[in-house]
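Predicted model follows, preceded by the sequence.
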Amino acid sequence: MTALILTVLATSIPLLLAANGELVAERSGVLNLGVEGMMLMGAVSALGIVLYTGNPYTGIVAGALAGMAVSLIFAFFAVTMLTNQVATGLALTIFATGFSGLAGAPLVGKTSESLPKIIIPLLSDLPWIGPVLFAQDLLFYLAFVIIAATSWFLRKSRSGMILRAVGDNHHSAHALGYSVIRVRWLAVAFGGACAGMGGAYIPLVLTPHWSEGMTAGRGWIALALVVFASWMPSRVVVGALIFGGITIMQLAGQARGWAIPSQVLSMLPYLATIVALVVISMRGRSSYLTVPACIGKPFHPGS
Amino acid sequence: MIRLVPRTETSPLYAVISPVAAILATVIAGALIFTFLGYNAGEALYHFFISPLSRIDRITDLVVKACPLIIIALGLVFCYRANIWNIGAEGQYIIGALAAGWLALSFPDTTSPLLLPAMMAIALMAGAAWAAIAALCKTIFNANEILVTLMLSYVAALVMDVLVRGPLRDPMAFGFPLTPMYPDAGLITRMPLPGIGYVGQLHYGVLIAFALAPLAWWLLHRTLPGFQVRVMGSSPRAGRFAGFSQKRTTIGVLLLSGGLAGLAGMVEVSANIGQLQPNVSFGYGFTAIIVAFLARLNPIGVIFAGLLVAMAELGGDNAQIALGIPKVVTGLFKGILLFFLLAGATLQHYRITWRGLHINKEHGETSS
Amino acid sequence: MTLLSAENITKTFGTFVANDRVNFSIEPGSIHALLGENGAGKSTFVKMLYGVLQPDEGRFVWEGQTLRITSPKMARRLGIAMVFQHFSLFPALTVAENIALAMDDESRLSGLRHRIREASDHWGLAINPDRPVGELSVGEQQRVEILRCLLQDPKLLIMDEPTSVLTPQESLRLFDVLRRLADDGCAILYISHKLDEIMELAGKATILRGGENVGEVIPRESSTRDMAEIMVGNAVDWIERRKSHNPANSPPPIFAVNGLNRPAASAFATPLRDIRLEVRPGEILGIAGISGNGQEELAEALSGEWLAPDAEMICLDGRNIGHDGPEQRRRMGLETVPEERNGHAAVPDMTMVENTFLTQYFSFSSGLSWVQRQLAYPDLGREATDAIIRAADVRTPHSNPMANQLSGGNLQKFIMGRMLSTEPRVAVISQPTWGVDVGAATAIRRALLKLAEDGCAIILISQDLEEIFGLATRIAALNNGRLTESHPATDLTAEDIGLMMGGVSEEEARA
């Protein structure tokens, strides 16, 4: 049972990080469909650096930087050059998938150091949750810290408020003197860094080697997760566990011969996301829970 | 800091130059990346762009590969021209293939020539119905179609998975998740070239793609519904002034693009695979989005864009065999090309100016 | 000491003089109204006060010091605050967050919420700081905007047409707040065209017309009539009016609107209330009014872009067409020309031929069956388009340009020509000569007169009084979504029209 929970948690971390980052970008009004590509860049960079330096911690930094670097390409086109965000995001995924494949080719077959587990004294001795939550690696802890920080940032800080304002009504934000372009670049960069770290987690902790497409579509799931979580970081955690948990339940269910096909279980999060989206959209702009109103719309001061 | 300023006039010459410029810029950028990563750029470029055209059977492979991309992209052109962002063509493709497959497998012993047209019809309807879900969500609940169509893609893949491993599975397939083969009446056979005979995998389905493109152009530019699509995408208020309905346009383009994606799914399976398996699409639905943009949302351009993208795909295969470069690297070129094309589209309507950042102490306000 | 005085303020845009040597002064603690029609120069003047624009000539003297107001931030630092007609709010954020974003000092949110509650109690602007702005009514949203200003301790509060979005009760509450502010020493500059409000609220009123300051009035010692006369000027008295038909031998009305009610589609739209009008063939009914009083909403209701709840609300030649869309109305001979050329009357990035097709597609199909109608396409209208271009004398840079390659005047001539080519029986025209050069404007007006002569019933919605008086046989005014009675143009003076536009009823005016 503990093993099961551990597995769920561990496989959720890439999803958590990527969704958290994308959430921030979307709250500022930018839809970045390039998450899968950014995660792959993070994965390949992390692995590459670790093979070179032998120190797995450098992998975390490399992953974040790589994800951020490609996200800036996206920011340049979609935010500054006002290109269509859907197409640009897809271009980013395809580009980054290709680039990471190319960069990763020489790395195939090599195994690297994993991140060591850091056991927190006392807390890790707690029954039930101790070994699961407090005997993990640094990136695991970092993920939760980042999510908590993001939640605080959005809800309580002035900069977070400005970011939310930009995503809600970019013309008003501009009229009040805030730089919509700058806020969005920063939000996209943060999204890239998180996606990169999420991708880095896979070779650093889960499977310490490189294979093409090792993110297995998690980037796309992260996009769904953001909507499912109504663009709130706290709900991303819950959602990631559900999305991640479904996969595990699938395997467990098959082993026990459950009657419901596992694929139907897997469908549920996506169907629930559609329902959640419909409900949110129906209520219009009159509540806290709204689709960021400017999502996907390019901003130009004159328009 | 770069600032975009709207142009007062748009030059029509620009629309022709910018795709060519984008292609050139892509080749250069790609070559640089290859060199940076330690590969021989010249060899790589040869395998990517020249080798697919070097033999007749490679050219037919190109056409075969482009076929589903073209069909799907034609539908997407209508959607995007209307400002409806359907990115679920992947799911609509799968559902279309599934429906056609179900029909074929329900009549395993038939030899009727009606089976194939019936499969096409059901694939069209099923793909359209799948897209209709998103259409309803948008017109009734105002839900963002980008997210709904994307979610539905995942669901479609899972539906296919469940059915192929379950009710539709071939009991004699040694446990592999495969359906039985379609009856011959449900297959699209290979098409011989006059004077040459059968070449590669060239099949009759290719004719559908090449026939649909001018048909799509005709629909977009020579009919009232096509005009409606173009107006609603460009100036919705003028469209309402003309008496056009936003809801009907939304539903119409989604049904059309869903139907065409479904048709592409049916054609691809009937022509190249002959049975259903969990993975009948290799990202065609998403690649077709790239094709639509590469074609600058022009139906005739879709043919060229489809062939170009197919060429990049096949080029990637060749490069993998010859140089050991992973296949996904074609994505590099496709991605860069799309970036440059999209930027080019923006530059058609805006100029770039440089502004410095002024911090004016007296007024305490930054202006840039 | 005078709080602010403006001396010889002049502002020109190209050849258009928006403000022409305007002199103006306002005292602390006073409520001062700025009155004028559209285009009189009110909003340009006020933008210069708030630092959004800079004057070409003249100067401002603030609290005895001559200075240039170079940015809104500087204006705010001086103590000038402004509530615009269109709010800059964020619906998904709370009241407190909205206010925090607009404050120049980076105050902490918790302290701010406390200050908001205090201020709201003190000024009588009831608001809950924690509610998302999207849930508030427009009146409440305006309170947020006002509080934003008040928390910065302004000395001058500028309000641009504030009651255009308020119910009568909310307006009264606003007046209380403004009086309290004035008592506390804050000066209020109140832009409005509503004469009765100015009578009730303002201690002094400055009237702008054609960019000039044409009068300073103390409302208490004056009357709405006087103010209306100054606002409109007497130039219109010199325009020769068109005589309407003698009722005895005029044809019966061909088009009528019977008690049309249209609820506001959005917070900033104007609801239409009990609109009644009728037009006879050959008549031009001019509907005057300051923009924002329901003109667009009325035009949409008449064109079919908005369908009336009851079909009888709109009647064309005996048929109830309230439920018919634009295409059906056009088939019956009702044509409309909307206010906005780009993106409404015409599609900017489509060709002239395609723009003709936009409103005439049903006349190019080869038959009446549904299939035949769907097969119509723009190129079928090439000849028709050429005919329009010739008849309307549209100057094109080359053959078949796109609409956005034509000058404003030429595009408008084309749009008018497109309408005329269908020989409509009823035409609803909005702002036909706005932003159009003199040559094109004259041609368009002449075309409208000829159209009426040929027997068309025309409704002309315009903010240009000279145009209305020059063309209309009968005139009504639209104010706050209500239409006044129409009167023969020959019976109306400049004053009368000013009163009608200013929302003063006949009885009030006579008092």
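Looks like it arrived, so ask away. Since we're looking at a predicted model, the values are computed, not measured.

Relative to chain A, which residue of chain C is the closest?
Going by C-beta to the nearest C-beta, chain A is nearest to residue C:88 of chain C, at 3.8 Å. The C-beta positions use only the backbone N, C-alpha and C, and glycine is treated the same way.

so that residue is in which element?
Per DSSP states H and E: residue C:88 is located in neither a helix nor a strand.

likewise residue A:144?
Using DSSP H and E, residue A:144 falls within helix A:138-156.

for that helix, which positions count as buried?
Across helix A:138-156, burial judged by 16 or more other C-beta atoms under 10 Å in any protein chain shown covers A:138, A:139, A:140, A:142, A:143, A:146, A:147, A:150, A:151, A:153, A:154.

on that earlier part again, who are the neighbours in contact with the residue nearest to the residue of chain C closest to chain A when sequence neighbours are not counted?
For residue C:88, ignoring the flanking residues on the chain, the nearest one in space by C-beta to C-beta, 6 or more residues apart in numbering or on different chains is residue A:172 at 3.8 Å. Going by C-beta atoms under 8 Å, 6 or more residues apart in numbering or on different chains, residue A:172 touches A:165, C:87, C:88, C:89, C:90.

so when I look at residue A:172, I'm seeing a helix, right?
Yes - per DSSP: H, G, I helix; E, B strand; the rest coil, residue A:172 lies within a helix segment.

Tell me the pLDDT of it.
With respect to pLDDT, residue A:172 has a value of 89.

what does the one 5 residues further on give?
Among the per-residue scores, residue A:177 shows a pLDDT of 84.

again, but for residue B:173
76.

Same question for residue B:315.
Looking at residue B:315, its pLDDT is 82.

Determine whether the claim that residue C:335 is in a helix is correct.
No - read with three-state DSSP, residue C:335 is strand and lies in no helix.

That one pairs with what?
Beta bridges link residue C:335 to residue C:427 when assigned by DSSP bridges.

any low-confidence regions in chain C?
C:105-107, C:236, C:244-248, C:267, C:505-511 (pLDDT under 70).

any idea how far the residue nearest to residue C:88 lies from residue C:134?
13 Å (C-beta to C-beta, to the nearest Å).

Run a quick neighbour tally on the residue of chain C closest to chain A.
When neighbours are counted by other C-beta atoms under 10 Å in any protein chain shown, residue C:88 registers 18.

Residue A:177 is in contact with that one, correct?
No - between residue C:88 and residue A:177 there is no contact under C-beta atoms under 8 Å: 10.3 Å.

Tell me which helix or strand residue C:257 sits in.
Following DSSP H and E, the helix or strand that holds residue C:257 is strand C:255-262.

can you give me the strands for the stretch 351-500 of chain C?
C:426-430, C:457-461, C:474-479, C:482-483, C:487-488 (DSSP state E, counting those that start in this stretch).

pLDDT score assigned to residue B:233?
Looking at residue B:233, its pLDDT reads 93.

Please apply the same query to the one 10 residues further on.
At residue B:243, the predicted lDDT confidence score is 94.

Quick check: the gap between it and chain C.
4 Å (C-beta to the nearest C-beta, to the nearest Å).

Now do the contacts for that residue.
Neighbouring residues of residue B:243 by C-beta under 8 Å, 6+ apart: C:304, C:325, C:326, C:327, C:328, C:330.

Once you drop chain neighbours, what's closest to residue C:38?
residue C:463 (4.5 Å).

for the chain, what spans make up the strands?
No chain specified, so I'll use chain A. A:117-119, A:135-137 (DSSP state E).

meant chain B, my bad for not saying
All strands of chain B, identified by DSSP E, fall at B:2-6, B:190-193, B:197-203, B:350-354, B:358-360, B:365-367.

quick one: the residue nearest to residue C:88 and residue C:119, what's the gap?
Distance of residue A:172 to residue C:119, computed by C-beta to C-beta: 21 Å.

which residues touch residue 137?
Because you didn't say which chain, this covers chain A. A:114, A:115, A:116, A:117, A:118, A:204, A:205.

please go with chain B instead
A:274, A:277, A:278, A:281, B:143, B:145, B:148.

same check, this time on residue C:264
By C-beta under 8 Å, 6+ apart, the contact set of residue C:264 is C:270, C:271, C:297.

With neighbour count and secondary structure as extra columns, can I get these in a markdown table?
Converted to a markdown table, those look like this (neighbours: other C-beta atoms under 10 Å in any protein chain shown; DSSP: H, G, I helix; E, B strand; the rest coil):
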| residue | neighbour count | secondary structure |
| --- | --- | --- |
| C:270 | 22 | coil |
| C:271 | 14 | coil |
| C:297 | 22 | helix |
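
which of these come close to chain A?
Taking C-beta under 8 Å from any C-beta of the partner chain as the test, chain A is in contact with none of the contacts of residue C:264.

from the residues you listed, which is closest to residue B:104?
The nearest member of the contacts of residue C:264 to residue B:104, counting by C-beta to C-beta, is residue C:297 at 56.4 Å.

Residue C:262 is in contact with that closest one, correct?
Yes - between residue C:297 and residue C:262 there is a contact under C-beta under 8 Å: 5.7 Å.

Mind listing the shared neighbours of these two?
C:271, C:272, C:306.

Assign the nearest residue to the first one once chain neighbours are set aside to helix, strand or coil.
If I follow you right, that is residue C:271. Spatially, and ignoring its direct neighbours in sequence, residue C:271 is nearest to residue C:264 (4.3 Å; C-beta to C-beta, 6+ apart). For residue C:264, the secondary structure call by three-state DSSP comes out as coil.

Quickly note the distance from residue C:264 to residue C:148.
From residue C:264 to residue C:148 the distance is 24 Å (C-beta to C-beta).

From residue A:77, how far off is the residue of chain B found nearest chain A?
Closest residue of chain B to chain A, C-beta to the nearest C-beta: residue B:335 (2.5 Å). Noted for residue B:335: a distance of 11 Å to residue A:77, by C-beta to C-beta.

joint contacts of the two?
The contact sets of residue B:335 and residue A:77 overlap at residue A:91 (C-beta under 8 Å, 6+ apart).

Looking at these two, which is more packed in?
Ranked by neighbour count (other C-beta under 10 Å), residue B:335 and residue A:77 place residue B:335 first, with 28 against 24.
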